[in-house]
Structures are given as C-alpha cells and as structure tokens.
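Engineer: one predicted model, sequence on top.
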Amino acid sequence: MRSDSLSEEPSRLQACREEFDNVSTADARKALFEELLWEHRSLAEAHSKCLAIPEASIEALKDQVAKLQAEKEQLIRDHQEALDAQKDISRELKDQAMQAGVRYAEELKAAEAAAEARLNEALEDAGNANVVLQAELEEGAKALKAAEGKAAKAHKAAAEEPGRPRKQPRARLRG
C-alpha cells in the first residue's frame, strides 16, 4: 500500500499545483476585472458628461478656439513687427555711434594738428624773442663796457689834473 501511495504522490502534487495555478489565475483575473470595472465606470461618467454638452456649446467652443487662434497669430505678427522695428532702431543707433566715433577721431586729429601748429608757432615766437633779447643784452653789455671805459678815462683824466677836486664818476647806462 505504501508503494501505491508513493506512485499517487506525484499525481496528487500535480493536481494541487494545477489547482493552485487555477486559484492564482482566478485571483489575477478577478483583480483585472475589478480594475476594468472601475475604468469602465470612470469612462461611463466622462461619456455621460460629454453627452450633456449640447452641440451648440461645442460649436461655440470651436468658435472660441478659432478666435483665440486668430488672436494668437495676430499677437505673433505684432510681436514680430515690434521686434523688427527694434532691430531697425538698434541698427540705426549702431550706425550713429560708429559715425560719431569717426567724427570724434577726425575732430581729435584736427585738434591735435591745431595744437601742434600753435605749439610750433609759440616755439618760433619764443625763439625769436630769445634772439631779440640776446641782441638787446649784447647791446646793453657793449653800452655798459663803453660807459665803464668812458668812466675809467674820466677818472684817469681827473686824477691827472692836480687842481680839481675829485668826484666819483657816474656810469650812465643807455637803455
């Protein structure tokens, strides 16, 4: 009897396994069915709400969407025009800045040239004034030497005359 129970054992195990598989499959099917049922309920609610919207409301919504789309396109065009205008203004300002830079450089060159010309003129005038002053100094030095020579001669002549009182000669400078 023992051998019969051992030979029946694998078939009983297989039957248990099949029954377990059937229970697991049934549980999985039950869970899937419940999920589908809940999904069906939510879809049915959504469908009933959609049916509640009259056809006129749908047309009104379509009209609103079309108006909003047209408004959006107009805003895009307006924005593009404003952007193009801003680019034009920016380009003009850049050109003006470049022209101002060129004018500034030209004016700076002209001012530097004028300053250099004035400096050269001032240097020439100073050189001429130095020459004139040098000539006047030399003339004054010659006049001084001549006056000193006359004074020395007068002094010598006065020293040689015995009867005259001695006076100190004054040197005259001509200016």
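Structural biologist: Perfect, thanks for sending it. Numbers count the residues shown, from 1 in each chain.
Engineer: gap between K49 and L61?
Structural biologist: According to CB to CB, to the nearest Å, K49 stands 14 Å off from L61. Backbone N, C-alpha and C define where each C-beta goes, glycine included.
Engineer: shaky segments in the chain?
Structural biologist: Residues of the chain meeting the criterion pLDDT under 70: 1-7, 51-55, 162-175.
Engineer: show me the helices in it, by range?
Structural biologist: 2-52, 55-160 (DSSP state H).
Engineer: now the ones you listed in TSV, with mean neighbour count?
Structural biologist: Listed next are the helices of the chain as TSV, based on neighbours: other CB atoms under 10 Å:
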stretch	mean neighbour count
helix 2-52	10
helix 55-160	10
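Engineer: from E59, how far off is I89?
Structural biologist: In terms of CB to CB, I89 sits 45 Å off from E59.
Engineer: wait, I meant A143
Structural biologist: 123 Å.
Engineer: again, but for A70
Structural biologist: Using CB to CB, which is the criterion applied here, A70 is 16 Å from E59.
Engineer: just A85 next, same as before
Structural biologist: A85 sits 39 Å away from E59, taking CB to CB as the criterion.
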